[in-house]
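Chemist: need a structure here:
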Amino acid sequence: MATKDERIESLVKSRPHYCRSPEKRIGVSLKFVIVLASAIFVLAVATVAAAQQTSPPAIQSSPQANTAGGNYAPLVYQGRQLTQQAAQTLENQLKKAAEDLSIRARLLGYYFTVAKRQIGVEATVAARRRHITWLIEHHPESQLAGLPEATLDIAGHDLADPAGYEQARQLWMRQMESKDVHVLRNAAFFFKVPDKPLAEKALLRLQSLEPANPQNVQQLAFLYSMSILGVGRMSNTGIPTGWSAAEANSEFARVAREKVEKSSDPELVAMVGSLVGMQSMMLSRFAQDSLRPSTTAWRSNC
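Modeler: Numbering: from 1, shown residues only. From the prediction side, this is the model:
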C-alpha cells in the first residue's frame, strides 16, 4: 500500500497529463470532454461558493430594494442588456438612493460588459472603480461584492485598472479585520488571482471562524492549485485562461506546494491534486497562445 508521501507525490508532483508531450496524449479529445465535465462541477463548488451566502432571502424585484442580502446575479445579468440611456437613468436614481444595491447590481453588470462599446473604455473603467470601491467600503458583506463584476484587475485587458485595484485593495485589507464570514469570503474571492497571499489570509481567518465548513477547504484547495500551476488569469466562470511564469515560480507557489505536501488533511491533498490536473488541461485548451505555458515550462515543474 502506498504511503501518504507517495500518494501526495502522485497527486501533486507527477501531473502526468501535462508532463507528457502532446503526441503521447491518446484520445485527448474524449478525455477532455470527460475531465471538463468533472471540472465544471468541482470548480463550481470552489468558485461559485465564494459568492454565495448562507440561505439568503430572495431579493425584491423592485429597483428600490435596499437589502444587502439576496441573490444579485440575475440583476447583474439584466444589466448586460441595458442601453446607455437606461444606465444613465439608473445612475440618476442611485444618486437619491445610494444604498439600493439592486440598482448598483444592474449597473455593475452593464459596466462589466456592454458599456465600453457605448461610452468608451475610459468612462467604463472610471464607473467600475467608483461602484466597486463604494461597495467594498459600504457593503463588503453583500453577495454582490463577491461576484466577478465586483473585481478589478491590475492588467491583462482593456478594463484593467491598476489604480482602482490599489484603492480596492486598501479597502479590502481594512475590511478583512472583520469577523463577518461573508466579508472574508468576498475578500478571498477578490484576491484569488491578483494577490494569492491575501486570499489565503482571508481563507485561513475564515477557517478559524468556521472550522467545520467544507467550503473553506474547497476554496483553499482551489487557491493552492492555482498557485502551484501559476494561473495568472481566470474567466468570470472560473476557467483558467492565462499562465504566468512569475506566478508559478513565486514564493507563495513554493509555500503552497510545501503546505500540500506536508498536509495531514487527505481531503485537501486530494482536491489540490484533482484541481491541478483539471486546471492544467483547461489552460492547455483555453489560454491564449501568449499566456499558455510551453511543454518545456510545464516539464520544468514536474
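Chemist: quick one: the helices in the stretch 151-300 of the chain?
Modeler: Using DSSP state H, counting those that start in this stretch, the helices of the stretch 151-300 of the chain run over residues 162-175, 181-191, 196-209, 214-229, 245-248, 251-262, 266-286, 295-300.
Chemist: Return the member of those having the minimum mean pLDDT.
Modeler: Mean pLDDT is lowest for helix 295-300 among those, at a mean of 39.
Chemist: any idea how far Y110 lies from P140?
Modeler: Taking C-beta to C-beta, to the nearest Å as the measure, Y110 falls 22 Å from P140. Just so you know, the C-beta spots here come from the backbone N, C-alpha and C atoms, and that holds for glycine as well.
Chemist: who has more neighbours, those two?
Modeler: Set Y110 next to P140 and count neighbours by other C-beta atoms under 10 Å: Y110 wins out with 29 against 25.
Chemist: Spit out the contact partners of that one.
Modeler: G79, R80, L82, A87 (C-beta atoms under 8 Å, 6 or more residues apart in numbering).
Chemist: Double-check that it belongs to a helix.
Modeler: Yes - assessed with DSSP: H, G, I helix; E, B strand; the rest coil, Y110 lies in a helix.
Chemist: Number the residues from 17 up from this point.
Modeler: Understood, numbering begins at 17; the last thing we discussed is Y126.
Chemist: ok, it to I119 distance?
Modeler: 11 Å.
Chemist: again with T129
Modeler: 17 Å.
Chemist: Neighbour count for these two, which is higher?
Modeler: Between T129 and I119, I119 has the larger neighbour count (other C-beta under 10 Å), namely 24 against 19.
Chemist: Might one say that that one is in contact with A113?
Modeler: Yes - applying C-beta atoms under 8 Å as the test, I119 and A113 come out as touching, 6.8 Å apart.
Chemist: Quick check: neighbours shared by these two?
Modeler: By C-beta under 8 Å, 6+ apart, no residue touches both I119 and A113.
Chemist: Could I get the contacting residues of F206?
Modeler: Counting by C-beta under 8 Å, 6+ apart, F206 touches I152, A161, G162, A166, T167, A184, W188, A215.
Chemist: Any figure for the gap between it and G293?
Modeler: Distance from F206 to G293, by C-beta to C-beta: 26 Å.
Chemist: got it, and R249?
Modeler: Using C-beta to C-beta, we find R249 at a distance of 19 Å from G293.
Chemist: repeat for K212
Modeler: Applying C-beta to C-beta to K212 and G293 gives a distance of 19 Å.
Chemist: Likewise for L284?
Modeler: 15 Å.
Chemist: So these two - more neighbours on which side?
Modeler: Neighbours were counted for L284 and for G293 using other C-beta under 10 Å; G293 has more, 22 against 17.
Chemist: Just to check, T140 is in contact with A131?
Modeler: Yes - counting by C-beta under 8 Å, T140 does reach A131; the two are 4.4 Å apart.
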